[in-house]
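[1] No letters, just coordinates:
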């Protein structure tokens, strides 16, 4: 399976921690200015949708986190290419 982002699991985790449904997150993102549906949120969480750089800003604002909190942890000892290849080929 081909995955299109690496932030999906973190978005899901952050949404769960706030006890928000996918519909509620979509509504909050819409209020912030992003035209996204519940289905779009689901596709991000399942890693089936690309997330553009400007869309990250909406997530940061609505979830009230820092940009780095949307990404999986990366140890400095692992080369970035190896880290990203592993992430893009695994379900997490």
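    Everything's here; your move. What you are looking at is a predicted structure, and each value in this text was computed from that prediction instead of being measured. Numbers count the residues shown, from 1 in each chain.
[2] my guess is residue 62 meets residue 36, correct?
    No: the criterion here is C-beta atoms under 8 Å, and residue 62 misses it with residue 36 at 10.4 Å. Any C-beta I mention is one placed from the backbone N, CA and C, and that applies to glycine too.
[3] Need the overlap of contacts for those two.
    residue 29 (C-beta atoms under 8 Å, 6 or more residues apart in numbering).
[4] what residue ranges in this protein score low on pLDDT?
    Scanning the chain for pLDDT under 70 picks out 83, 92.
[5] Residue 13: how many residues sit nearby?
    12 (other C-beta atoms under 10 Å).
[6] With residue 35 as the reference, measure out to it.
    24 Å (C-beta to C-beta, to the nearest Å).
[7] cool, residue 58 as well?
    Taken as C-beta to C-beta, the span from residue 58 to residue 35 is 10 Å.
[8] Tell me which of the two has more neighbours.
    Each of residue 58 and residue 35 has its neighbours counted (other C-beta under 10 Å); residue 58 has more, 18 against 8.
[9] list the contacts for the nearest residue in space to residue 65 that is not next to it in sequence?
    Spatial nearest neighbour of residue 65, excluding adjacent residues (C-beta to C-beta, 6 or more residues apart in numbering): residue 14 at 6.3 Å. Shown in contact with residue 14 (C-beta under 8 Å, 6+ apart): 63, 65, 69, 70.
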